[in-house]
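K.L.:
Following is a predicted model, sequence given first.
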Amino acid sequence: MPDSRKFALYYVTNVLCLSNQGSGGYVYIETSSPRLPGDTARLASPWMRGPQCMTFYYHMYGATMGCVVIYIKSQATNGLKAVWLRSQDQGNHWIHGQISINETSSYQVSFKFFVYSI
């Protein structure tokens, strides 16, 4: 786990890999064999407070692409709210993504990765 990002990794299945090479890092889920449809992985932030704008880049290329969902979990209600979703092949390039977080209570941001089919 990279200390500079202070993210906690939660392994739902052994499909999530983390790299912190060079000036940035990335997380990926391998969606081709030996992965199985229904495999999932999750990356969650520490608890945070206050409105923020979160920017990131994603790369989803290939016939076996699954789905990525970003959730906001409110500590006050303990509820999950999906705020961003992408699925299937998005082309062989990095794409800029951005979400606005307007929570006033403590919250956690989590990415959930799903494998659809092989």
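P.N.:
All right, it came through fine.
K.L.:
pLDDT below threshold where in the chain?
P.N.:
By pLDDT under 70, the weakly predicted segments of the chain are 1-26, 117-118.
K.L.:
Contacts for whichever strand or helix holds residue 69 next, please.
P.N.:
In this structure, residue 69 is located in strand 67-74 according to DSSP states H and E. Applying CB atoms under 8 Å, 6 or more residues apart in numbering, the external contacts of strand 67-74 come out as 58, 60, 79-88, 99, 101, 103, 105-114, 116. C-beta here means a position set from N, CA and C on the backbone, and glycine is covered the same way.
K.L.:
Contacts only, for the spatially closest residue to residue 60 that is not a sequence neighbour.
P.N.:
For residue 60, the nearest residue in space outside its immediate sequence neighbours is residue 90; the separation is 4.2 Å by CB to CB, 6 or more residues apart in numbering. If you count contacts by CB under 8 Å, 6+ apart, residue 90 has them with 58-61, 65.
K.L.:
switch the cut-off to 10 Å
P.N.:
Shown here is residue 90, whose contacts under the criterion CB atoms under 10 Å, 6 or more residues apart in numbering are 58-62, 65, 68.
K.L.:
With residue 89 instead?
P.N.:
With contacts defined as CB under 10 Å, 6+ apart, the neighbours of residue 89 are 60-65.
K.L.:
same thing with residue 48?
P.N.:
Remark: with contacts taken as CB under 10 Å, 6+ apart, residue 48 is in contact with 6, 54, 72, 75, 101, 103, 106-109.
K.L.:
the strands in this structure, which residues?
P.N.:
Shown for the chain, the strands assigned by DSSP state E span residues 8-10, 16-19, 26-29, 40-44, 52-58, 67-74, 80-87, 95-101, 107-114.
K.L.:
Could you save those as JSON lines and add columns showing mean neighbour count?
P.N.:
Compiled in JSON lines, these are given as follows (neighbours: other CB atoms under 10 Å):
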{"stretch": "strand 8-10", "mean neighbour count": "13"}
{"stretch": "strand 16-19", "mean neighbour count": "14"}
{"stretch": "strand 26-29", "mean neighbour count": "18"}
{"stretch": "strand 40-44", "mean neighbour count": "19"}
{"stretch": "strand 52-58", "mean neighbour count": "13"}
{"stretch": "strand 67-74", "mean neighbour count": "18"}
{"stretch": "strand 80-87", "mean neighbour count": "13"}
{"stretch": "strand 95-101", "mean neighbour count": "12"}
{"stretch": "strand 107-114", "mean neighbour count": "20"}
